[in-house]
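Can you look at this prediction? I've put the sequence above it.
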Amino acid sequence: MSIVSKEYRTISQIAGPLVFVEKTEPVGYNELATVTMPDGTQKRGQVLDTSGKYVVIQVFEGTAGVERAAGVKFLGETMKMPVSRDMLGRILDGAGDPIDGGPAITPEDRLDINGAAINPWARDEPKEFIQTGISTIDGMNTLVRGQKLPIFSGSGLPHNDIALQIARQAKVRGSNEEFAVVFAAMGITAEEAQYFMNDFERTGALKRAVVFMNLADDPAIERIITPRLALTTAEYLAFELDMHVLVILTDITNYCEALRQIGAAREEVPGRRGYPGYMYTDLATLYERAGRIKGKKGSITQIPILTMPGDDITHPIPDLTGYITEGQIVASREIHRAGIVPPINVGASLSRLMNAGIGPGLTREDHKAVSDQCYAAYAEGRDLRGLVAIVGKESLSERDRKFLDFADAFENRFVRQGRDEDRDIETTLDLAWDLVSMLPVNQLSRIDRKYIEKYHPAYKKSE
Amino acid sequence: MAKQGEIYRVAGPVVTAIGISPKMYDIMQVGEEGLMGEVIKIDGDKTIIQVYEETSGLKPGEKVIDTAQPLVAELGPGLLSSVYDGIQRPLPVLMKSMGDFIKRGVSAPGLDHTKKWHFTPTAKKGDQVVPGSIIGTVMEFNIVHKIMIPPGISGTLDSITEGDFTVDETIATVGGKKITMLQKWPVRSGRPFEKKLLPDIPLVTGQRVLDTMFPLPMGGTGAIPGAFGTGKTVTQQQLAKWSDAEIVVYIGCGERGNEMTEVLATFPELEDPKTGEPLMQRTVLIANTSNMPVAAREASVYTGMTIAEYYRDMGYNVSLMADSTSRWAEAMREISSRLEEMPGEEGYPAYLAARLSEFYERSGRVVALSGGLGSVSVIGAVSPQGSDFSEPVTQNTLRIVRVFWALDSKLRERRHFPAINWLTSYSLYTGNLDAWYKANVAEDFPALRQWAMEVLQKEAELQEIVQLVGSDALPDEQKMVLEVARMIREIFLQQNAYHKVDTYCPLPRQYKFMKLIRQFSDLSNRAVESDVSVDSIVELPVRNRLAKAKYEENIDQELDAVGKEMAGQFESLGGKA
């Protein structure tokens, strides 16, 4: 195309990650551009605003070293990702280029990285139970295929271990289908990245993984495209190659920081805490790329990880995320301090699709009842701890003391779990019954009589 | 008046065109692909257009065509059971023409223009008709779809024919003008009616906490605020499933794809408790998920409201749910910021309050132009950021709506569902509705509600003391208050949406529950006075039986049995005479 060959040397302004180019021929919105420095080095960018007067380009690699004498070319197309089955087992950088020393990827297709919204009518209901082997997730906040369930964590908490344990153990029972894992790192440290890589290699998971690495010292703006490359790859694997794909995105907080950086550079009117007003829509274009499609075998399940600044769940990043995702797994500093791993705060966690994935034929008929009972009793027991701090355990009633003991036992036996301990759903539910049986049976208001007779350790007749 | 201009600038969903001078809110075809857009600002020779479709690749210089028409909804037979995007394009049709993903440049009419409907006249030749007059009917599933004279036409009915017609074919003529079953109405203007009435009939939802404690009338406005994960969506879906409005319009505005899927998957399977037919047959769904174009999200609430008003005009009670109006407000904010407008609070445009009140004001119970009575009840979900109710969308909504169902994440953590906080919720309609409750449920219904609220209020006060000194330090009467409050909460307020019996509780049964709890309370107060211990009262089998009754198949007999054995069991406790 003629437009590809045309190079402009009309940069009028460089601000933060943005380059303004004047007097161009018509350039398309979201079109890809290259900026070539006089010494021949090239950077890539994307058009954010285009008009007869000037074109604004967001440069992925940052504008360090860009000068007004640099040349700008527009490529006449939006950003595309070359995809192929051979990507499994490969490690790529944040812009999608291999960094594992292997050969270049021969594309089977080139796909627009921005994707398109799945027609709600074409979506299929997520309802296949994924057994992660972690009791607090399987029993209390069940994950299903096609769900997006983020981990809300804080700095210094072992959220990576949780994500890795899920990636390692996740399976759909009664099927041998394995998950392909697409892992996108955005602005994490080399050390964290190494931790993930070692684990992938140790467990052989790398064979069925595609890894995108944008590290802390990589250009911040590149973080805007890294998750989109990962999700485009995931869509290809899931909806073209019929695979079940688990996408892990970490850390969304770094992604949002990059978004804010661009907003500031464009002098946009900021929304809450300086983040752009369109952050909800922008995050939705990532998170909504999960799900199942009618008539297709594959699925995309997303586990984004974000660290809540100051452990504040009302911060715009976790807040907006929670409005888009189907629940959240919340890691708690308090529980972690008590030495319990994985430090999942069951009370604050939630899986919105849980009810679709549990029950007879999926997990077990008593699942909902016993998990609701645990929830309620644990919440009550935790409230009582506050009271004990004031009046002492002695002044509690008999009943209240049982709830208090329940909360302690729940954390020690149900929440606490080894890094390689893979509990199947029966183990998890039986454990829950064991704990629930600490309470007087007339306090089990969430459980139907018939389940008590069938599953309660003190009542169940020998079957 | 140039009909064609060209693109000057593209920035996200906002496109600036030059060389054209359209009217505000005209629909434009933008670019070579003819993407649909709407004029939202005119600035000198520049026309600013919000585009309802993805704008990637659009270039300055491409053509822009003015259709000289505002955004209209197609109204006529075939609306029910449809699933639309924000600008009334049927999603199944889009899927057929562009596959599993929403691509662009495809237009699709809101109604099927090839399907034939059997038209039965109810008016006859020579009748005088005015806009809104009903001239005949079409069966749309089990709903009688009344065909009305469109606005702007009145006179003598020259001819009217029974038979099978498409929505484009002439069914009648008035003063030489052809009448079809299709009407087009600009979505941003309210449809006319004769007059608005005071809302004094409750919209019965079968949800105990709503019907008894915080009722919403037909034609009323309510808001459900809720931080994420408080069960807002489930509550709204329960309302859609069970409320006694004939027509349900559900707008999924900027919400999750999977959640819409759940609605799309469950609604067709749900049986309408009254007719036994699928609930979908009296429902219109609008699904514009969070990652679909933001401008179409902005339009979606108006599209839904116009459809709701259309059925109201036929004399139906319509309940409209918008989930979530916060996403709608955010769409306004996003577009406003692209326009570089001076922002109001938190970046929202200064006209936020005006838009919200205009929208809610389109609700109401009215005398339609045809003389029939119809209503549109609006339930808007707001999603306050960080559970901060002081944020602008929640605040501006609360200034308008009269029912507030405060979902509470603390209750959610306790698995108290529906997680509607009984202390912070309110309904300002109870005064209007009490006469109806007295006449149709029971004379003492308002009094029982009052009693229950007082007990719950008392509990909240006592809880503060208990937090300090523990419940053992309370005198027995107060301990009993806590126990009765617990019964109200656990037996009455909590309701399991997923349990086949408990999911719907008709008003007489709600009354019976409350009456039994009241009876239990009265008996136990008397027992406590006779020195019976609180523990032995709580352990009475009848209490447990009452608690479990809501899950029993034969619930009504069960409740009657509880009522019969209660007094006897209390007597068996003895105590001093």
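Received it, and whenever you're ready, just let me know what you need.

give me the number of residues near residue 147?
Answering for chain A, as no chain was given. 29 (other Cβ atoms under 10 Å in any protein chain shown). In this view, the C-beta of every residue, glycine as well, is placed from N, C-alpha and C.

not what I meant, chain B
Neighbours of B:Ile147 using other Cβ under 10 Å come to 28.

any idea how far B:Ser572 is from the closest residue to it other than its chain neighbours?
In space, B:Ile147 comes closest to B:Gly136 once its chain neighbours are excluded; the distance is 4.8 Å by Cβ to Cβ, 6 or more residues apart in numbering or on different chains. Counting by Cβ to Cβ, to the nearest Å, the gap from B:Gly136 to B:Ser572 is 67 Å.

Over to B:Pro77?
B:Pro77 is 64 Å from B:Ser572, by Cβ to Cβ.

Between the two, which has more neighbouring residues?
More crowded of B:Pro77 and B:Ser572, by other Cβ under 10 Å: B:Pro77, with 24 against 9.

still on that earlier bit, is it true that the residue nearest to B:Ile147 touches B:Ala123?
Yes: applying Cβ atoms under 8 Å, one finds B:Gly136 in contact with B:Ala123, separated by 6.7 Å.

Spell out which residues are contacts of both of these two.
Here B:Gly136 and B:Ala123 share the contacting residues B:160, B:172, scored by Cβ atoms under 8 Å, 6 or more residues apart in numbering or on different chains.

okay, the two: which has more neighbours?
B:Gly136 (20 against 17).

OK, contacts around the more buried one?
Applying Cβ under 8 Å, 6+ apart, the residues near B:Gly136 are B:119-123, B:146-147, B:160, B:162, B:171-172.

Then A:Arg419?
Per Cβ under 8 Å, 6+ apart, neighbours of A:Arg419: A:161, A:165, A:341.

let's see it at 10 Å
Each residue near A:Arg419 by Cβ atoms under 10 Å, 6 or more residues apart in numbering or on different chains is listed here: A:158, A:161-162, A:164-165, A:168, A:199, A:341-342.

and it, that one's in a strand?
No: the assignment for A:Arg419, made by DSSP: H, G, I helix; E, B strand; the rest coil, is coil rather than a strand.

Tell me the confidence at it?
On the pLDDT scale, A:Arg419 is placed at 90.

can you check B:Pro273 too?
B:Pro273 is assigned a predicted lDDT (pLDDT) of 68.

same deal with B:Ala2?
B:Ala2 carries a pLDDT value of 53.

Kindly check the end-to-end length of stretch A:412-430 for me.
15 Å (Cα to Cα, to the nearest Å).

now do stretch B:352-368
OK, stretch B:352-368 end separation, Cα to Cα: 29 Å.

Quick one: mean pLDDT for that stretch?
Rounded mean pLDDT across stretch B:352-368 is 95.

likewise stretch A:286-296?
94.

Over to stretch B:531-540?
Mean predicted lDDT for stretch B:531-540 stands at 91.

For it, buried residues please.
B:532, B:534, B:537-538, B:540 (16 or more other Cβ atoms under 10 Å in any protein chain shown).

need the residues of the stretch 51-200 of chain B near chain A, please.
Residues of the stretch 51-200 of chain B lying close to chain A by Cβ under 10 Å from any Cβ of the partner chain are B:54-62, B:83-85, B:90-96, B:98-104.

Now which of those would you call buried?
Buried among these by 16+ other Cβ under 10 Å: B:54-60, B:62, B:83-85, B:90-91, B:93-95, B:98, B:100-102, B:104.

Among the residues you listed, which ones are in strands?
B:83-84 (DSSP state E).

In helices, which of the buried ones among the residues of the stretch 51-200 of chain B next to chain A appear?
B:91, B:93-95, B:98 (DSSP state H).

So which residues on the stretch 451-577 of chain B come close to chain A?
So the stretch 451-577 of chain B meets chain A at B:466-473, B:486, B:490-491, B:494, B:496-499, B:535, B:538-539, B:541, B:543-544, B:547-548, B:551-552 (Cβ under 10 Å from any Cβ).

sorry, back to before: three-state assignment of the residue nearest to B:Ile147?
Assignment for B:Gly136 (three-state DSSP): strand.

Read off the pLDDT value for A:Met1.
So A:Met1 comes in at 42 (pLDDT).

close enough to count as contact, A:Leu143 and A:Leu149?
Yes: contact status for A:Leu143 versus A:Leu149: in contact at 5.4 Å, counting by Cβ atoms under 10 Å.

what touches both of the two?
By the contact definition Cβ under 10 Å, 6+ apart, A:Leu143 and A:Leu149 are jointly contacted by A:130, A:132, A:137, A:166, A:301, A:303, A:326-327, A:329, A:351, A:353-354.

quick one, what contacts the closest residue to B:Glu53 other than its chain neighbours?
Closest residue to B:Glu53 apart from its sequence neighbours, by Cβ to Cβ, 6+ apart: B:Arg104 at 4.0 Å. Counting by Cβ under 10 Å, 6+ apart, B:Arg104 makes contact with A:116, B:31, B:33-36, B:51-58, B:98, B:293.

just to confirm, which helix or strand has A:Gln194 in it?
helix A:190-202 (DSSP states H and E).

Only alpha carbons, please: show the helix or strand just after that helix as CSV.
Following helix A:190-202 in sequence order, the next helix or strand is strand A:209-215 (DSSP H and E). Output of strand A:209-215 as CSV, limited to C-alpha atoms (Å, rounded to 0.1, in the frame of the first residue of the first chain):
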residue,chain,number,x,y,z
ALA,A,209,1.5,-22.5,28.4
VAL,A,210,2.0,-19.3,26.5
VAL,A,211,3.9,-16.7,28.5
PHE,A,212,4.0,-13.0,27.9
MET,A,213,6.5,-11.0,30.0
ASN,A,214,6.4,-7.3,30.5
LEU,A,215,8.7,-6.8,33.4
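
Is any residue of the helix or strand that strand A:209-215 is followed by near chain B?
Downstream of strand A:209-215, the next assigned helix or strand under DSSP H and E is helix A:222-235. Yes: using Cβ under 10 Å from any Cβ, helix A:222-235 reaches chain B at A:Glu235.

Helix A:222-235 - what's its average pLDDT?
94.

How about stretch B:108-119, which residues are buried there?
By neighbour count on 16+ other Cβ under 10 Å, the buried set for stretch B:108-119 is B:108, B:110-112, B:117, B:119.

low-scoring stretches of the chain, by residue?
Chain wasn't specified; assuming chain A. A:1-5, A:461-463 (pLDDT under 70).

my bad, chain B
B:1-2, B:226-229, B:273-274, B:386, B:575-577.

What residues of the longest helix seen in it count as buried?
Scanning chain B for the longest helix, with DSSP H as the assignment, gives helix B:445-469. By neighbour count on 16+ other Cβ under 10 Å, the buried set for helix B:445-469 is B:445-446, B:448-449, B:451-453, B:455-456, B:459, B:462, B:466.

helices or strands up against the next helix or strand after it?
Following helix B:445-469 in sequence order, the next helix or strand is helix B:476-487 (DSSP H and E). Here helix B:476-487 touches helix B:445-469, helix B:507-529, helix B:534-538, helix B:541-548, going by 3 or more Cβ pairs under 10 Å, 6 or more residues apart in numbering or on different chains; DSSP states H and E.

one more time with 7 Å
Under the contact criterion of 3 or more Cβ pairs under 7 Å, 6 or more residues apart in numbering or on different chains; DSSP states H and E, helix B:476-487 touches helix B:445-469, helix B:507-529, helix B:534-538.

As JSON lines, the ones you listed with distance to A:Pro98 would be great.
Listed next are these as JSON lines, based on distance: least, Cβ to Cβ, whole Å:
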{"stretch": "helix B:445-469", "distance to A:Pro98": "60"}
{"stretch": "helix B:507-529", "distance to A:Pro98": "65"}
{"stretch": "helix B:534-538", "distance to A:Pro98": "69"}
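
Tell me which of these sits nearest to B:Thr166.
Closest to B:Thr166 of the helices and strands packed on helix B:476-487, according to Cβ to Cβ: helix B:507-529, at 42.9 Å.

what packs against that closest one?
helix B:445-469, helix B:476-487, helix B:534-538, helix B:555-572.

Identify the spatial nearest neighbour of B:Lys114, chain neighbours not counted.
Actually, residue B:114 is Thr. It isn't Lys. B:Thr166 (6.2 Å).
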